[in-house]
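K.L.:
Test case, fold it:
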Amino acid sequence: MEEKITTHFTKGLIIGLLVVTMGFTFQMFDLYEKWVQWLSTFVYFAAIIWACISFSRQMKGNVRFGEIFSHGFKTVAIVTLIGIAAFIVSYFLMPELKQKAMEIARADMAKNKDMNQELIDQAMSWADKLYFVGGIVGSLFLYAFSGAIASLIGAAVAKKNSNPTIPKSL
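P.N.:
Numbers count the residues shown, from 1 in each chain. I've put the predicted structure just below:
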């Protein structure tokens, strides 16, 4: 029996739900340290690399670099959409997350010796006005950019045949 290829949509859905669940869990337990944010990013990065390697294995190595990268980046696109949707939902259903983010930003600015109270207040006013758009653009950039890098790495390390004998797949 031929092995069924797991689609980029399925992988993206699984990875997206995993990353979003991790993010909400960290927020529920007030885990806002930098290492926690890096842990979530590392899991996302590793999962995209896994998606590329998994695709190559399922295709028995009969794929080219570009096909693997394409599969990985399509997976990234699904994860990015899920991440943006999660941000939008949390913005409207959990406004306390915005308040917590604003408090953390204010505290970080207060630590900067070059920032006086007037500059901090001005920056916080802008942050408050641009939080929604900034969150969407930030999510898009974070997921897409780091996912593209992970897809490149995944395509580079995955087993591939430069002259595959089977037609293009997925």
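
K.L.:
contacting residues around the worst-scoring helix or strand of the chain on mean pLDDT?
P.N.:
When the helices and strands of the chain are scored by mean pLDDT, DSSP states H and E, helix 95-111 comes last with a mean of 89. Residues outside helix 95-111 that contact it (Cβ atoms under 8 Å, 6 or more residues apart in numbering) are 27, 30, 32, 90-91, 115, 119-120, 123-124, 127-128, 131. Yep, even glycine has a C-beta here, placed from its N, CA and C like the rest.

K.L.:
Using neighbour counts, give me the buried entries of these.
P.N.:
Buried by 16 or more other Cβ atoms under 10 Å: Gln27, Ser90, Ile120, Ala127, Tyr131, out of the contacts of helix 95-111.

K.L.:
State the three-state secondary structure for the first one.
P.N.:
In this case it means Gln27. With DSSP: H, G, I helix; E, B strand; the rest coil as the basis, Gln27 sits in helix.

K.L.:
what residues are up against it?
P.N.:
The neighbours of Gln27, taking Cβ under 8 Å, 6+ apart as the test, are Leu97, Lys100.

K.L.:
So which elements touch the host helix or strand of Trp38?
P.N.:
In this assignment (DSSP states H and E), Trp38 forms part of helix 34-58. Applying 3 or more Cβ pairs under 8 Å, 6 or more residues apart in numbering; DSSP states H and E, we find helix 34-58 packed against helix 8-28, helix 65-93, helix 117-157.

K.L.:
most tightly surrounded among the ones you listed?
P.N.:
Comparing the helices and strands packed on helix 34-58 by mean neighbour count (mean count of other Cβ atoms under 10 Å), helix 65-93 comes out on top with a mean of 19.

K.L.:
between that helix and helix 95-111, how big is the angle?
P.N.:
Helix 65-93 and helix 95-111 are oriented at 100 degrees to each other (axes from the mean of the first three to the mean of the last three Cα atoms, to 10 degrees).

K.L.:
Show me what helix 65-93 is packed against.
P.N.:
Here helix 65-93 touches helix 8-28, helix 34-58, helix 95-111, helix 117-157, going by 3+ Cβ pairs under 8 Å, 6+ apart.

K.L.:
How far does it sit from its chain's centre?
P.N.:
Helix 65-93 sits 7 Å away from the centroid of its parent chain (Cα atoms, centre = their mean, to the nearest Å).

K.L.:
Repeat that for stretch 85-101.
P.N.:
Worked out by Cα atoms, centre = their mean, stretch 85-101 lies 17 Å from the chain centre.
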